[in-house]
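Engineer: kindly generate the corresponding structure for this input.
(one chain, ligands or ions: 1)
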Amino acid sequence: MYLRPEPLILSVDIGSSSVKGFAFDPYGEALGGIEGRAPCTLQYSPDGGAEVDLPCIVRAVDGVLDALHARSGGREVLGVAMTSIASSLVALGEGGRPLAPVLSYADTRSRTQLGAMPADVARVERTGCPDYTAYWPAQIRWWRARQAASPPPTAWCSVADALQERWFGGPLRTSYSLASWTGCLNRQTLAWDGPVLDGLGLSPSQLPELAEHSAPHVGLRPEYARRWPKFARIPFFPAVGDGAAANVGSGATGPGQIALTVGSTSAMRTVVPLRAPAVPPGLWAYLVSGERALVGGALTEGGNLHQWLRDSLQLGSWTDLEPRLAALAPDGHGLTFIPSLGGARSPDYNPDATGTLHGLKFSTTPTEMLRAAMEGVAYRLADIAVRLNSTLDTSPLYVASGKALLSSDVWLGLLADVLGAPVVVTDFPDEASARGAARLALGALDLLDPYAPSRRPRSTVYEPRPEAREVYGAARERQQRLMTALSALPG
Ligand SMILES: O=C(O)[C@H](O)[C@@H](O)[C@H](O)[C@H](O)CO
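Structural biologist: Coordinates of the predicted model:
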């Protein structure tokens, strides 16, 4: 019981399209009205580039903290939690100066570097990550090859680590969670992986120090202490990966509970109370903390594909579209949409994969194309689900998160049909990643157990419909056959 206004915890989420900040009470529940948002979007280029503009992120995050500082008024602020896209790679030059470009998980330009590391069959089991363009080993090699004429970077870090270094000074520090998304962390020993660093010619001193997300920075540098006096001496917690935060924030932390997220990108993941569970074929295993793993798979497409089609086909607002999408029968259009516009992450890991829309007729409508894209994403998520569910001891329960999914009854319903299992929307669905980071920070402050099952009722359950499941099953097979046929094409 608090007699004065309750203290609050602030949480900042660095996403693929914007930076958002929210306030939560000491029980981890959202407090309306104290929030901040600033746009900052990944920049895609035709060669597979997906860069993050660091000055844009710095401006956005500092601006969101300005808003949270002003709006929290006289209330006590317990701390600042952070969650971020993962992975991100910042190269640092002399004096710790960040060098462009900053690469994101979606950047596939390092495709030429895949297979270039020394052969090492145990690497996936040690790091939890496959050899792919989303991870630092390929990205660091690509970065060096491309900038060969410039002085080499002296150190590397994630975007959130660079921000915290600006606010607090060095040394650079990262959480086990963010580090586990880089492909360079040995998740068994919780140290940077020796063979991976040797293969890259790096020493651990060129990477951030590793710490648990519960070990905060305290004591802002004078210029930031003047800007945010209320934050000058409060804990700022190292960022956790947004996937890990989404599970904690949507309450998907128990056995068989799978966070099904469609934000800008999409993913499904489950929390395992072990540091280094086996990595299922085609998937990855990251860390929520040094004690808990996050096993799952991710696609680079989700709400970003929906948005791209709405813009490209001038489809109008999301709200107007939903009834038109809902009026279409499952797979009634006969189209096959392979949604790999950003290459294929899980389960194929093919950076050269592209999007395909097959089966067009003069009668095809733009709304049908969008519905086919949403179904196409669902089939690819089902390819991840098959692999993930084979590791579970119980039947899966999908817990929805992500703005794109929660804004669409159609997507929620068709995912339940395609996955053949209930999809649950909790009564605290919004901003799961920010909420998860806040709950982990409250856990670090000993104020709650971030993994405790929620006692709040489940508001909506989307049950699978057997007739629709059958129709979608056939359409999913058609998508598989099309992918196989396309993979035989030269080039
Ligand atoms: O678990 C996840 O959600 C993924 O693994 C991440 O790589 C995200 O796709 C990325 O951080 C963008 O939000």
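
Engineer: buried sites along stretch 222-231?
Structural biologist: Y224, R227, W228, K230, F231 (16 or more other Cβ atoms under 10 Å). In short, each C-beta sits where N, CA and C put it, glycine included.

Engineer: I'd like the residues you listed written out as JSON lines, with pLDDT and distance to L405 added.
Structural biologist: Shown next, in JSON lines, are those (pLDDT from 0 to 100; distance: Cβ to Cβ, whole Å):
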{"residue": "Y224", "pLDDT": "98", "distance to L405": "36"}
{"residue": "R227", "pLDDT": "98", "distance to L405": "36"}
{"residue": "W228", "pLDDT": "98", "distance to L405": "34"}
{"residue": "K230", "pLDDT": "97", "distance to L405": "35"}
{"residue": "F231", "pLDDT": "98", "distance to L405": "33"}
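
Engineer: what's the closest non-adjacent residue to D47?
Structural biologist: Nearest residue to D47, sequence neighbours excluded (Cβ to Cβ, 6 or more residues apart in numbering): R109, at 5.8 Å.

Engineer: does the one you found touch A138 like I think?
Structural biologist: No - look at R109 against A138 with Cβ atoms under 8 Å: they stay out of range, at 9.3 Å.

Engineer: A438: what's it in contact with?
Structural biologist: Listed by Cβ atoms under 8 Å, 6 or more residues apart in numbering, the contact set of A438 reads I9, L10, S11, F22, F24, G28, A81, G249.

Engineer: ok, then the element right after the helix or strand hosting it?
Structural biologist: A438 belongs to helix 432-444 when assigned by DSSP states H and E. Using DSSP H and E, the helix or strand that follows helix 432-444 towards the C-terminus is strand 458-462.

Engineer: who are the packing partners of that next one?
Structural biologist: Here strand 458-462 touches helix 409-419, strand 423-426, going by 3 or more Cβ pairs under 8 Å, 6 or more residues apart in numbering; DSSP states H and E.

Engineer: give the partner strands of that strand in its sheet and their orientations.
Structural biologist: Applying DSSP bridges to the sheet, strand 458-462 is found paired with strand 423-426 (antiparallel).

Engineer: now do the partner strand: distance to the chain's middle.
Structural biologist: Computed by Cα atoms, centre = their mean, to the nearest Å, the chain-centroid distance of strand 423-426 equals 19 Å.

Engineer: what does stretch 141-148 give?
Structural biologist: Mean-position distance between stretch 141-148 and its chain equals 26 Å (Cα atoms, centre = their mean).

Engineer: repeat that for stretch 158-170.
Structural biologist: With Cα atoms, centre = their mean, you get 20 Å for stretch 158-170.

Engineer: what residues does that stretch touch?
Structural biologist: Contact with stretch 158-170 is made by 14, 52, 54, 57-58, 61, 82, 84-90, 92, 96, 98, 102, 157, 172-174, 178, 181-182, 208, 217, 219-221, 224, 236, 238-239, as judged by Cβ under 8 Å, 6+ apart.

Engineer: quick one: that stretch near the ligand?
Structural biologist: No - remark: stretch 158-170 sits outside contact range of the ligand, by Cβ under 6 Å from any ligand atom, the gap being at least 10.6 Å.

Engineer: list the buried ones in that stretch?
Structural biologist: Applying a neighbour-count criterion of 16+ other Cβ under 10 Å, the buried positions in stretch 158-170 are S158, V159, A160, D161, A162, L163, Q164, E165, R166, W167, F168.

Engineer: same thing with stretch 322-338?
Structural biologist: Across stretch 322-338, burial judged by 16+ other Cβ under 10 Å covers R324, L325, L328, P330, D331, H333, L335, T336, F337, I338.

Engineer: narrow these to those in strands?
Structural biologist: Those of those mapping onto strands are T336, F337, I338, per DSSP state E.

Engineer: and the ligand, which of the contacts of stretch 158-170 contact it?
Structural biologist: I85, A86.

Engineer: can you pick out the most distant pair from the buried residues of stretch 222-231?
Structural biologist: For the buried residues of stretch 222-231, the maximum inter-member distance is 11.6 Å, found between Y224 and K230 (Cβ to Cβ).

Engineer: which residues are contacting the host helix or strand of C56?
Structural biologist: Assessed by DSSP H and E, C56 sits inside helix 54-71. Contact partners of helix 54-71, identified using Cβ under 8 Å, 6+ apart, comprise 10, 12, 14, 18-21, 23, 33-40, 80, 90, 98, 100, 102, 159, 162-163, 166, 227-228, 230-231.

Engineer: got the buried residues for that helix?
Structural biologist: 54, 56-58, 60-65, 68-69, 71.

Engineer: stretch 140-152 now?
Structural biologist: Here stretch 140-152 shows I140, R141, W142, W143, R144 as buried, counting by 16+ other Cβ under 10 Å.

Engineer: look up the pLDDT of the residue nearest to Q257 when sequence neighbours are not counted for me, please.
Structural biologist: Nearest non-adjacent residue to Q257, counting by Cβ to Cβ, 6+ apart: L397, 5.3 Å away. At L397, the model reports a pLDDT of 93.

Engineer: residue contacts, L397?
Structural biologist: Shown in contact with L397 (Cβ under 8 Å, 6+ apart): G256, Q257, I258, A421, P422, V424.

Engineer: just curious, which of those residues is nearest to R476?
Structural biologist: A421 (14.8 Å).

Engineer: from A179, how far out is D131?
Structural biologist: Using Cβ to Cβ, to the nearest Å, D131 is found at 18 Å from A179.
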